[in-house]
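**Q** Predicted coordinates and the sequence they were generated for:
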Amino acid sequence: MLTPDRVRCFCLWCCILTGTFLSGAPPAGAAAPDRVLLLHSFGFDFSPWSETATSFRSELLKRAPRPIDLYEASVFTGRFDKPQEEASLVGYLRSLFAEHRLDLIVTLGGPAVSFAQHHRSSLFPSTPLLMTAIAQQRIDQLLAGENDTSVALSLDLRQYITNILRLRPQTDNIFVIIGNSPLEQYWLAELRRQYQPFAKRVNFTWSNNLSFSDLLKRAANLPPNSAIFYFILIVDADGVPHVQGQGLSAIRAVANAPIFGFGDYELGQGIVGGPLNPTRVLGSRAAVAAVQILQGEVPRKIKVTPTGFARAAYDWRELERWNIREDLLPPNSIVEFRGQSPWQQFRWQISLVATVMLAQALLILFGLIQHRKRQAAEKSLAESEERVTFTAASMNVGLWHYTQGTEQLWSTEHCRKIFEVEPDAHFTRESLLRLVHPDDRRSAAVMFREMTDGSASAVREFRIVLSGDRIRWIRARTRSSSDHNGVPEKVSGIFVDFTDLKAAESEAAVQRSELAHLMRVSVLGELSGAMAHELNQPLTAILSNAQAAVQWLSREPPALEEVRDALADIVHEDNRAGEVIRRLRGLLRKGESKTEPVDINELVESTMSLLHSELVARRISAATDLHPGLPVIMGDSIQVQQVILNIVMNAMDAMMATLVGQRRILIRTGFDEHGFITVSIRDSGTGIKSDERRLFEPFFTTKEQGLGLGLALCSTIVEAHGGKLSLGNHECGGAEAVLLLPTEEYRIAAQ
Amino acid sequence: MDRMFTVFIVDDDAGVAKGLARLLRANGYDVQCFASAIEFLGRHDSSVPGCVLLDVSMPGVDGLELQQALSADVVSHRPIVFLTGKADVPTSVQAMKAGAVDFLTKPADDKVLLAAIARAERQDEKARREFAEQDAIGRRVAALTPREREVLGHVVAGRLNKQIAGDLGTVEKTIKVHRSRMMAKMGVRTVADLGRLAEKVGIGGSMANG
């Protein structure tokens, strides 16, 4: 609790201490230091006076020609309502300077001046007085004498408000922080007067009658578009003094509006800035004047113009905080504390951290992706294996796998099913071989040997005999993989049960034979016209000859020579007819294919004679070029003739659109260097337009009435004989069919 | 009892040709055999009376084509009897329309065949006779003077002498002279006979068209 006594004691101590610190014992005999008394008005720590004092002190000590003995004391009039007991202070001061002369009194603030003037005559009659840290208007009110001078302030208080309104035009409410001491009350009245013109635009509220905590509350809950003008706070409504900086920092902590300050020492403590009380300048100037006085200048002669505002100064951080654009600042302003945003300050640190974090994140992501991929791969692999097994089983395929080293045979379930081996029974090479049909055992054994030798992939077919003498056909395919030395270590393969396929094949063979027969019959149908004609010729000849013979016989005498000739011709013609019938019969005959020696040239000739009348009817000229002495082929002559017949008939059909004089068929026989007999049938027709492959397709035909079976059947017959039938266009126009049939010697050699 | 009539057999089948030849010879005909139409056209003598016994389906020029070739020959008028193994309606119709004597199929009954040959013989005879007649008439016409020729035309057209004179720009008397000379050269007495002759050689018809 601050009582006047306590404060006086405190003050006393301060004086003593200050005096002790500042003076030190002057060396004996040296020139006596200048003694200066610095007299405060409110105590030593109240803004703005304390700042002015600080500036004054440092400047004075710098500039002083002789050592300075500085004393500081304070009155407290400005803080208390009641008149103080000044007597003790006076006494103290008198005792202080009884022995020593005081060279200068410097007063800070109005109350100090009053005190000094009051007690001057008793204390310091001849000491010059320098008044500073005081408004010029106050000096005018005080009576200044010969021995007085002043370094005063001339502040246009209105500028504070214009500054606020300039920076924050939206402001319609200003909360002015001002205390409740007598001095502050003086200033309150002054402010109210000065700010009257702003009353229309701004609502002013004053904190003079608020306790500090209420003041803080108000500052924290200001309405929008408010501003705080922190003027001075020495003593609040509760009588609590606030030394420099305290009030401002407390308010700043809670304020919800920008704070505009009063003095230059406040910049950086949380005020936005603007025109500010230039305590530094003031202090320096005062010090200059003090030095002048100490050097003997007459105070009255020292005229210092009042100090006004220095350049407006702003705190960049507060500008940022309250979003005040710099272009609103008055020209020639100073912006201090221009700071960097945290980003700018710690750019590389932040980047580094960010990079590291990013790298980490990427690594994690990568890891996750890999993991996901692997999972997907494993899953797909499992699915794929399952599919393979399923597919194999449904195709009646058994998969197996044999490791050389361990002699282990692994097989799928289906594999066992094929061989009808119990799931738990042993399934080895031996047990497999035992199931093989005796006739095929040798071949199967070879297969197994090949397996272990590591020969290339082989396909073998063999029969197995299952319980009940059931025979199944198995096709086996093996594949071996070797280690790096070329030694086969793993053999894998498949078994396919193709019994059904084989059954179908033999059935197909039967059907083919039937079809071949049908074909012949239908071909005959096509030939029937030609057949009739073929038979007709010999019959006509026979008839004519017979009738002639009768007539010759009835002549007188009978022309027996003629009769004999006639009969001979009849026989000849009869044979001719017989030939035709025989061939017809041959074509009609059904049955299994025979294997007998076949003379190709003879076949060609007989085919051409069969077709003779047809060729003539169609105005086709046919020529043959038969290589003499061709070796025989082993086969079914009827079937081979069938083929030649079919091809020649196709050739005839191909020339229907050709000009009559240009219809030609050429049949040439020979043999090539591979031991094949070649039969080439060339026509001068339109040639083959379709894809050669398609021609041999069953039911494919370019003829309107065609069945489309001819060529398919022909190639089957030819292939069954071990030969080849090909059809193409001849370079001279028209088509050429080439029939290759292996000779007997070749066949033997091939086996 | 050999008739002076030749049957030209054209057939590529030697056996058939021989048999037919024998049969025809047994019936008193002369026979000549040809294996192809070309051979026949090249070698036959059109002055020899005879007919053609023709097969249809032959390599090279077939029977129908030969028929066409022969019909273009004004002189010969060879009658044709077809004897063929290939007997279909279109072929037979074409053959008959083109003037064949008959169209027979093999094997042919000898009586049918001989009857056809006989018909052919008669046709040939008749044709020759007519041809000879025409020839004679033609010669007579050729002997006429240009004036007589003109008069012939007008008389046949039924014009009176007076009219003819007017048409030709001369007098009736002259016309009468021409007319009697012309009639004498033509060997006819009546206008009707003249008309018949003229018709045979294709002179006549209306003179109005000029």
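**A** Arrived safely.

**Q** just checking, next helix/strand downstream of the helix or strand hosting B:Ala165?
**A** Using DSSP states H and E, B:Ala165 sits within helix B:161-168. Using DSSP H and E, the helix or strand that follows helix B:161-168 in sequence is helix B:172-186.

**Q** quick one: contacts of that following helix?
**A** With contact meaning CB atoms under 8 Å, 6 or more residues apart in numbering or on different chains, helix B:172-186 is reached by B:137, B:140-141, B:143-144, B:147-149, B:151-152, B:155, B:161-162, B:164-165, B:168, B:189, B:194, B:197. In this view, the C-beta of every residue, glycine as well, is placed from N, C-alpha and C.

**Q** Could you rerun that using 10 Å?
**A** B:137, B:140-145, B:147-152, B:154-155, B:159-168, B:170-171, B:188-191, B:193-194, B:197-198 (CB atoms under 10 Å, 6 or more residues apart in numbering or on different chains).

**Q** Kindly indicate whether the closest residue to B:Ala108 other than its chain neighbours is helix, strand or coil.
**A** Spatial nearest neighbour of B:Ala108, chain neighbours left out: B:Leu83 (5.7 Å); criterion: CB to CB, 6 or more residues apart in numbering or on different chains. Look at B:Leu83: counting by DSSP: H, G, I helix; E, B strand; the rest coil, its state is strand.

**Q** ditto for A:Val353
**A** helix.

**Q** can you check A:Gly661 too?
**A** A:Gly661 is classified as helix under three-state DSSP.

**Q** before we move on, back to that, residues contacting the residue nearest to B:Ala108?
**A** A:540, A:544, B:9-11, B:16, B:20, B:53-56, B:63, B:102-108, B:112-113, B:116.

**Q** how about a cut-off of 8 Å?
**A** A:540, B:11, B:20, B:53-55, B:104-106, B:108, B:113.

**Q** Out of those residues, which is nearest to A:Arg35?
**A** Nearest to A:Arg35 among the contacts of B:Leu83 is B:Asp55, at 173.4 Å by CB to CB.

**Q** I'd guessed that closest one sits against B:Asp12; true?
**A** Yes - assessed by CB atoms under 8 Å, B:Asp55 is found in contact with B:Asp12 at 6.8 Å.

**Q** more neighbours, the two?
**A** Higher neighbour count among B:Asp55 and B:Asp12: B:Asp55, with 26 against 20, using other CB atoms under 10 Å in any protein chain shown.

**Q** so how far is B:Leu66 from that one?
**A** B:Asp55 sits 10 Å away from B:Leu66, taking CB to CB, to the nearest Å as the criterion.

**Q** Mutual contacts of the two, please.
**A** Taking CB under 8 Å, 6+ apart as the contact rule, B:Asp55 and B:Leu66 both touch B:Val10.

**Q** what's the longest helix in chain B?
**A** For chain B, the helix with the greatest residue count under DSSP state H is helix B:110-142.

**Q** Tell me the first helix or strand C-terminal of it.
**A** helix B:146-156.

**Q** Dump the C-alpha coordinates for that following helix into CSV.
**A** Taking Å, rounded to 0.1, in the frame of the first residue of the first chain, the C-alpha atoms of helix B:146-156 are listed here in CSV:
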residue,chain,number,x,y,z
PRO,B,146,-32.3,-54.0,-172.6
ARG,B,147,-35.4,-52.7,-174.3
GLU,B,148,-37.0,-56.1,-174.5
ARG,B,149,-36.1,-56.6,-170.9
GLU,B,150,-37.9,-53.5,-169.9
VAL,B,151,-41.0,-54.5,-172.0
LEU,B,152,-40.9,-57.8,-170.2
GLY,B,153,-41.2,-56.2,-166.9
HIS,B,154,-44.1,-54.0,-168.0
VAL,B,155,-46.0,-56.8,-169.7
VAL,B,156,-45.7,-59.0,-166.6
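
**Q** pLDDT averaged over that helix, what's the number?
**A** For helix B:146-156, mean pLDDT rounds to 85.

**Q** where's it relative to the chain centroid, distance-wise?
**A** Mean-position distance between helix B:146-156 and its chain equals 27 Å (CA atoms, centre = their mean, to the nearest Å).

**Q** can you list the residues of chain B near chain A?
**A** B:12-13, B:15-16, B:18-20, B:22-27, B:57-59, B:62, B:83, B:85-86, B:106-108, B:110 (CB under 8 Å from any CB of the partner chain).

**Q** among these, which are in helices?
**A** Among the residues of chain B next to chain A, the ones falling in helices (DSSP H) are B:15-16, B:18-20, B:22-26, B:110.

**Q** which one in these is the model shakiest on?
**A** The lowest pLDDT within those belongs to B:Asp110, which sits at 85.

**Q** Touching, that residue and A:Ser544? I think so.
**A** Yes - in terms of CB under 8 Å, B:Asp110 counts as a neighbour of A:Ser544; the distance is 7.4 Å.

**Q** which one of these two has more residues nearby?
**A** Comparing B:Asp110 with A:Ser544 by neighbour count (other CB under 10 Å), the higher total belongs to A:Ser544, at 31 against 20.

**Q** which residue sits closest to the more buried one, ignoring its sequence neighbours?
**A** Nearest to A:Ser544 is B:Gly19, by CB to CB, 6+ apart, at 3.2 Å.

**Q** can you check A:Glu184 too?
**A** Nearest to A:Glu184 is A:Ile178, by CB to CB, 6+ apart, at 5.4 Å.

**Q** okay, now that neighbour: neighbour count?
**A** That count, for A:Ile178 with other CB under 10 Å as the rule, works out to 22.

**Q** and it, what is it in contact with?
**A** Contacts of A:Ile178 (CB under 8 Å, 6+ apart): A:184, A:187-188, A:191, A:206-208, A:231-233.

**Q** Which stretches in the stretch 101-250 of chain A count as strands?
**A** Using DSSP state E, counting those that start in this stretch, the strands of the stretch 101-250 of chain A run over A:104-108, A:129-135, A:148-153, A:173-178, A:203-206, A:226-232.

**Q** What is whatever helix or strand A:Arg460 lives in packed up against?
**A** Assigned by DSSP H and E, A:Arg460 belongs to strand A:459-466. Other elements packing on strand A:459-466 under the criterion 3 or more CB pairs under 8 Å, 6 or more residues apart in numbering or on different chains; DSSP states H and E are helix A:429-435, helix A:441-453, strand A:470-482.
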